[in-house]
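My questions concern the predicted model and sequence given below.
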Amino acid sequence: MGIPPRVLTVAGSDSGGGAGIQADLKTMLALGVHGMSVLTAVTAQNSLGVQGAWELPAEAVRAQFRSVVDDIGVQAVKTGMLASAELVETVAGLLAGVDAPVVVDPVGVSKHGDALLAASALDAVRTKLLPAATVATPNLDEVAWLTGVRVRTESDLRRAADAVLSHGPRWALIKGGHLAGDAVDLLTDGTEEHWLRAVRHDNRHTHGTGCTLASAIAARLAQGRSVPEAVADAKDYVTGAIAAGFPLGGGIGPVDHGWRFRDHRN
Ligand SMILES: Nc1ncnc2c1ncn2[C@@H]1O[C@H](COP(=O)(O)OP(=O)(O)OP(=O)(O)O)[C@@H](O)[C@H]1O
Ligand SMILES: Cc1ncc(CO)c(N)n1
């Protein structure tokens, strides 16, 4: 019996099930790895926004991390919502002792603009978390607050990537999902450049896109793919999940993490 690669997500809970830990674990199941979680915060969240958020003590984050890493082991780690400077520093310190690729999704705000990271944590993300990343996956708002670079067109993506790389991640994946036109992302390590282009799906049900993409990258890295291969495959997966996103509640519904399993005759 084959043992699947193990992937750890360090992130917050989204009670609505579209983003956060829930998106990460569903993505990992869909891509054939064993998903594990270190919870950093609990959010009360749905299709309309974030109604509340409670951060866990650093001690609880450390204990979950040690339980997983010391016994089970990890082939890749993904980080998402880290809430505060203290948790960013705690997680960055824990990652230093892990010999596995790390995907950092520097989550700042939710799709509705609700804060998921304290403003006081910005410096720790720049100086402690980004240097620990094999791949950092900021969206355009996150690029702006991390580097000051404002991306308005595709031609600005290269400058954004250079600014992110200057903080030390091995690769930067700049997500152009918030631009008009095709959904174009740029992956670069400063030497190689890979442009990832997908048709934009005219679907408002996109809750969880960023978490899903980062977790898919981590899953493929754990399966031994190179960074460019992992990102290309993750992009295909998230594009299909966005195309199949469905309405739930009164606002923005989730992407469909299970789109590859659906029996469309039902
Ligand atoms: N409407 C769309 N159609 C196709 N692809 C999209 C669409 N919107 C975003 N994407 C793609 O989805 C991926 C995630 O990008 P996005 O910029 O939405 O992340 P994000 O803002 O971090 O997500 P989140 O709101 O979950 O934090 C990228 O590959 C992006 O190009
Ligand atoms: C818990 C959580 N993490 C990440 C996101 C991404 O937007 C979200 N909405 N909620």
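Ah, there it is. This is a predicted model, so every value here is computed, not measured. Ligands and ions are numbered 1, 2, ... in the order given.

what ranges do the helices span in the stretch 51-200 of the chain?
Along the stretch 51-200 of the chain, the segments classed as helices by DSSP state H, counting those that start in this stretch run 58-67, 85-95, 122-124, 140-147, 157-165.

Val10: what's it in contact with?
When contacts are counted by Cβ atoms under 8 Å, 6 or more residues apart in numbering, Val10 touches Ser37, Val38, Thr40, Val61, Phe65, Val77, Lys78, Thr79, Gly80, Leu82, Val91. Bear in mind the C-beta positions are built from the backbone N, C-alpha and C, glycine included.

Would you mind giving those residues as a markdown table with distance to ligand 1 added?
Output for these, formatted as a markdown table (distance: Cβ to the nearest ligand atom, whole Å):
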| residue | distance to ligand 1 |
| --- | --- |
| Ser37 | 17 |
| Val38 | 19 |
| Thr40 | 15 |
| Val61 | 21 |
| Phe65 | 23 |
| Val77 | 18 |
| Lys78 | 13 |
| Thr79 | 13 |
| Gly80 | 9 |
| Leu82 | 14 |
| Val91 | 18 |
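
and the residues you listed, which are buried?
Ser37, Val38, Thr40, Val61, Phe65, Val77, Lys78, Thr79, Gly80, Leu82, Val91 (16 or more other Cβ atoms under 10 Å).

From ligand 2, how far off is the third one?
If I follow you right, that is Thr40. Thr40 is 9 Å from ligand 2, where distance means Cβ to the nearest ligand atom, to the nearest Å.

would you say that residue is within a helix?
No: Thr40 is assigned strand when assessed by DSSP: H, G, I helix; E, B strand; the rest coil, not a helix.
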